[in-house]
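# Got a sequence here, can you model it:
(2 chains)
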Amino acid sequence: ETGVTQTPRHLVMGMTNKKSLKCEQHLGHNAMYWYKQSAKKPLELMFVYSLEERVENNSVPSRFSPECPNSSHLFLHLHTLQPEDSALYLCASSQGREQTGHEQFFGPGTRLTVL
Amino acid sequence: KNQVEQSPQSLIILEGKNCTLQCNYTVSPFSNLRWYKQDTGRGPVSLTIMTFSENTKSNGRYTATLDADTKQSSLHITASQLSDSASYICVVSAAGAGGNKLVFGAGTILRVKS
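From the prediction side, this is the model:
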């Protein structure tokens, strides 16, 4: 799969587990995003990275911890999650930040279930 | 408060029929509006983008309209196919001093039956 890839595609974890979601973009973009998508609700922007620097954090609980080691890779580290955190987590990238109106390209998402 | 409302929440149509999805927004100041298609198990893919001065934009069997005065947009799908079954998301970009902010609708789930 080209463009934006995410692994794993599905993840089931207990509330005491620690896991990480991975995103990789092959488009040469310099901005990357994490979104949470719950059923029948709009996408919720969680984090924005621009040139590997976190530029936005939308009041996300500390049990979600992002990491951007380079402009092509983005991680979301998860620990002590709650059942209400079960959702589809989408990664996206764009040539410039959303502020500049550049189109965001989305990955397929990771379907997360917290037991 | 910037909001995007989409209707209907879900829709079932027969293959070959046309349908129209609605998007009403209260986003201000307006920068642009995109329609995304999200297949099950996939991420959203952009179908069209419209700026303030554009009234209509087509992408194959998809035609988006924009009325900036009434703050409404529609996505018309012609001669629907089974592959059109997906969620369609309206996203409005709000311009601001700090740059654009995206406001997402909750989406319309379309199911095309044979």
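# quick one: is the lowest-mean-pLDDT helix or strand in chain B near chain A?
Ranked by mean pLDDT, DSSP states H and E, the weakest helix or strand in chain B is strand B:101-104, scoring a mean of 90. Yes: on the criterion CB under 8 Å from any CB of the partner chain, strand B:101-104 is in touch with chain A at B:101-104. From N, CA and C alone the C-beta is placed, and that goes for glycine too.
# What residues sit buried inside stretch B:20-27?
Neighbour-count burial for stretch B:20-27 flags B:21, B:23-25, B:27 (criterion: 16 or more other CB atoms under 10 Å in any protein chain shown).
# what two of these are the furthest from one another?
Using CB to CB, the two most remote members of the buried residues of stretch B:20-27 are B:Leu21 and B:Val27, lying 17.6 Å apart.
# Just put the buried residues of stretch B:20-27 in a markdown table and tack on pLDDT, distance to A:Ser65 and secondary structure.
Below are these laid out as a markdown table (pLDDT from 0 to 100; distance: CB to CB, whole Å; DSSP: H, G, I helix; E, B strand; the rest coil):
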| residue | pLDDT | distance to A:Ser65 | secondary structure |
| --- | --- | --- | --- |
| B:Leu21 | 98 | 37 | strand |
| B:Cys23 | 98 | 34 | strand |
| B:Asn24 | 98 | 37 | strand |
| B:Tyr25 | 96 | 33 | strand |
| B:Val27 | 89 | 31 | coil |
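# residue contacts, the residue nearest the centre of chain A?
By CA atoms, centre = their mean, chain A has its centre lying nearest to A:Trp34, at 2.8 Å. Counting by CB atoms under 8 Å, 6 or more residues apart in numbering or on different chains, A:Trp34 makes contact with A:23, A:45-47, A:66, A:74, A:76, A:89-91.
# Out of the residues you listed, list just those in strands.
Counting by DSSP state E, these place A:23, A:45-47, A:66, A:74, A:76, A:89-91 in strands.
# which parts of chain A sit against chain B?
A:4, A:9, A:40-43, A:45, A:90-92, A:97-101, A:103-104, A:106-109, A:111.
# are any of those buried, and which?
Neighbour counting over those (16+ other CB under 10 Å) leaves A:4, A:42-43, A:45, A:90-92, A:97-99, A:101, A:104, A:106-109, A:111 as the buried ones.
# Next step: those restricted to strands.
A:4, A:45, A:90-92, A:106, A:111.
# quick check, nearest of the residues you listed to chain B?
Nearest to chain B among these: A:Phe106, at 3.0 Å, using CB to the nearest CB.
# Check pLDDT for the ones in strands among the buried ones among the residues of chain A next to chain B and point me to the minimum.
Looking at these by pLDDT, the weakest one is A:Leu45, with 92.
# Please look at that one and B:Val91 and confirm they touch.
No: judged on CB atoms under 8 Å, A:Leu45 makes no contact with B:Val91 at a distance of 11.2 Å.
# hey, what's in contact with both of these two?
Shared contacts of A:Leu45 and B:Val91, defined by CB under 8 Å, 6+ apart, comprise B:Leu102.
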